[in-house]
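Below: sequence and its predicted model.
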Amino acid sequence: MSDLLAAAAGEIARRVSSRDVSAADMADAALARIAARDPAIGAFLTVTADLARERARAVDARITDGERLPLAGVPLAIKDNMCLAGTRTTCASRILENFIAPYTGTAVARLLDAGAIPLGKTNLDEFAMGSSCENSALGVTRNPYDLARVPGGSSGGAVASVAAGMASVSLGSDTGGSIREPAAFCNVVGMKPTYGRVSRYGLIAFASSLDQIGPIAANVDDAALVYDIMAGRDPFDATSSARPVEPCFGARRDDLRGVRVGVVREFDLAALEPGVRAAYETAYRDLEKLGAELVEVRLPTADYGVATYYLIAPAECSSNLARFDGMRYGLRVEGADVAATYEATRAAGFGDEVKRRILIGTHALSSGYYDAYYVRAQKARTLIAADFAKAFASCDAIACPSAASAAFTFNAKTDPVSMYLMDYYTIPMSLAGIPAISVPCGWAATDGGPQMPLGLQLCTPLFAERELFEIAGAYERATNHAARRAPSFGEVPA
Ligand code: GLN
């Protein structure tokens, strides 16, 4: 059974559907793997063993009744900023440490309806603010490829759970890179859909004009399978698009002939460490070998992405997080009056990075500064989106790094700005709202450590998910970097 855990999600679903194995056996195998490996990795904040077994039995019964379930018995991990009814949903924050979700979010519910088995809730940077998982108030998650290194963030636990073979697929959220950067760090596939393509109902909001839920998987096909099931209009999320979903699972191309892939002039690879740079140069050449035509494109305003994002995202978070005040949810620290209770609750409940963002955001939105900061950032955002639109006039997809380096060691980035710069390559796509994916693309040693995995980021125009998966899948099958395990992977117990 544990061998089947390593199989593609589609294969697990086929075997469970044909009653070759039961969903109950898959749940037990995955829970056993978590018991063996997670003490070393720390991917999970909550393991929902009883729920997993109960859902697995229900899946087996539904199959016996003749239902067709595209995710039958597929072990699923869920980032702990998504609601799962009756389960602790913490956002890795003290303020929600004991919060029990009263309902299940739409994306999660769709996957469970399709037969997925919920294994538990995974660690993240507090409220998804960070790039290493080090901002979690509730636990440490380690990179399965080198336990001395971070898994990336903020979806670090979701990514590590798949990378270490505990979950078959997982759900992450991506506001400025939180699926793509950790996916790159842990040698798995992570995809951010077009803004509005997947419902955020039940996702605890960070920055509402940017947040998207997306799939994390061991391969592109599995990511597409999960994406297809989640995508589409949801009456509970007014920002979800009513546009019909083009199915992506099974969309395949064997080569990239006739595909124009844009390489961004402003993303100068010379700025990267030599080993990282060499890996990306090889990745571009591999795209060419598959028949793609590489064309130079320009994103002159992308360089303003990080500055723009760090006004818009904190502004929205300062507003979204105002609801955590000790009155309705989670932690409450009593003060002499209402104002003192707010203050004491928020002072005790939020960590430093969250407080920093709330302060920046509240300042940027305050009268007198609003035009100078927030409105200007929105204008810069429009220019960045326009740059992408112009670039896509001459190419079908853009390729670039998913992150500026491979996974770094714990405590390596102590000033906030160096952490913010980890998302230099992923933030522009988030601001533009376009879909993007990170696919394993090679290895490099950084800061004298072992060879660590890297991710190639591909993005396409709004709602061009199908092309995105096709191109990523062709690249993946031709290169197969995910198959290689780092030597240090052996440190993870079998
Ligand atoms: N690292 C970025 C941040 O800290 C992006 C996080 C995310 O996408 N949720 O805001």
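All right, it came through fine.

can you list the residues of the protein near the ligand?
Residues of the chain lying close to the ligand (Cβ under 6 Å from any ligand atom) are 128-131, 154, 174-178, 206, 313, 423. The way it works is simple: take the backbone N, C-alpha and C, and place the C-beta from them, glycine included.

Those in helices, which ones?
Among the residues of the chain next to the ligand, DSSP state H puts A313 in helices.

Looking at the residues of the chain next to the ligand, which are in strands?
Those of those mapping onto strands are D174, per DSSP state E.

what residue lies at the spatial centre of the protein?
For the chain, the residue nearest the mean C-alpha position is I179 (2.0 Å; Cα atoms, centre = their mean).

Can you report how many residues neighbour R477?
Neighbours of R477 under the rule other Cβ atoms under 10 Å: 15.

which phi and psi does it have?
Here is the backbone geometry of R477 (degrees, to the nearest 10): phi -70, psi -30.

measure it to the ligand for me?
Distance from R477 to the ligand, counting by Cβ to the nearest ligand atom, to the nearest Å: 28 Å.

V74 touches A13, doesn't it?
Yes - V74 lies in contact with A13 (Cβ atoms under 8 Å); the separation is 5.7 Å.

Distance check, the residue of the stretch 251-400 of the chain found nearest the ligand against V306.
Closest contact between the stretch 251-400 of the chain and the ligand, by Cβ to the nearest ligand atom, is at A313 (5.4 Å). Going from A313 to V306 by Cβ to Cβ, to the nearest Å gives 10 Å.

what's the answer for T122, then?
For T122 relative to V306 (Cβ to Cβ), the value is 26 Å.

same deal with V354?
V354 is 19 Å from V306, by Cβ to Cβ.

Which one's more surrounded, those two?
Neighbours were counted for V354 and for V306 using other Cβ under 10 Å; V354 has more, 28 against 17.

my guess is the more buried one is in a strand, correct?
No - assignment of V354 by DSSP: H, G, I helix; E, B strand; the rest coil gives helix, placing it outside any strand.

check contacts around it.
Applying Cβ atoms under 8 Å, 6 or more residues apart in numbering, we find V354 in contact with 93, 126-127, 129, 135, 317, 321.

and the residue nearest to the centre of the chain, what is it in contact with?
Contacts of I179 by Cβ under 8 Å, 6+ apart are 155, 159, 172-173, 190-192, 214, 216, 438.

now the residues you listed as CSV including pLDDT?
Formatted as CSV, those follow (pLDDT from 0 to 100):
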residue, pLDDT
S155, 98
V159, 98
G172, 98
S173, 98
G190, 98
M191, 98
K192, 98
G214, 98
I216, 98
S438, 98
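
Show me the two of those residues that sit farthest apart.
Taking Cβ to Cβ, the two most distant members of the contacts of I179 are S173 and S438; they sit 14.5 Å apart.

Just want to know which of the two has more residues nearby.
S438 (34 against 27).

Okay, and the more buried one sits in which element?
strand 436-445 (DSSP states H and E).

Show me which positions of that strand end up buried.
Neighbour-count burial for strand 436-445 flags 436-444 (criterion: 16 or more other Cβ atoms under 10 Å).

and what of stretch 270-286?
272, 275-277, 279-280, 283-284, 286.

what's the answer for stretch 75-95, then?
75-84, 87-95.

just to revisit the earlier point, past the strand holding S438, which element shows up next along the chain?
strand 451-459.

in its sheet, what does that next one sit against?
Sheet pairing of strand 451-459 (DSSP bridges) gives strand 397-401 (antiparallel), strand 436-445 (antiparallel).

who's in contact with the helix or strand just after the shortest one?
Which is strand 397-401. Next along the chain after strand 397-401, taking DSSP H and E as the criterion, comes helix 416-420. Helix 416-420 has contacts (Cβ under 8 Å, 6+ apart) with 130-132, 306, 310, 353, 356, 413.

Please render these as CSV that adds distance to A23 and pLDDT to the earlier fields.
CSV is the format used below for those (distance: Cβ to Cβ, whole Å; pLDDT from 0 to 100):
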residue, distance to A23, pLDDT
G130, 34, 98
S131, 35, 98
S132, 34, 98
V306, 44, 98
Y310, 44, 97
E353, 39, 98
R356, 44, 98
K413, 41, 95
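
Among those residues, name the buried ones.
Using 16+ other Cβ under 10 Å, the buried ones in the contacts of helix 416-420 are 130-132, 306, 310, 353, 413.

Tabulate those residues (TSV), appending distance to S22.
TSV is the format used below for the buried ones among the contacts of helix 416-420 (distance: Cβ to Cβ, whole Å):
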residue	distance to S22
G130	39
S131	39
S132	38
V306	48
Y310	49
E353	43
K413	45
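
count of neighbours near the spatially closest residue to C83 that is not a sequence neighbour?
Closest residue in space to C83, ignoring its immediate chain neighbours: A101 at 3.6 Å, by Cβ to Cβ, 6 or more residues apart in numbering. Neighbour count for A101, taken as other Cβ under 10 Å: 21.
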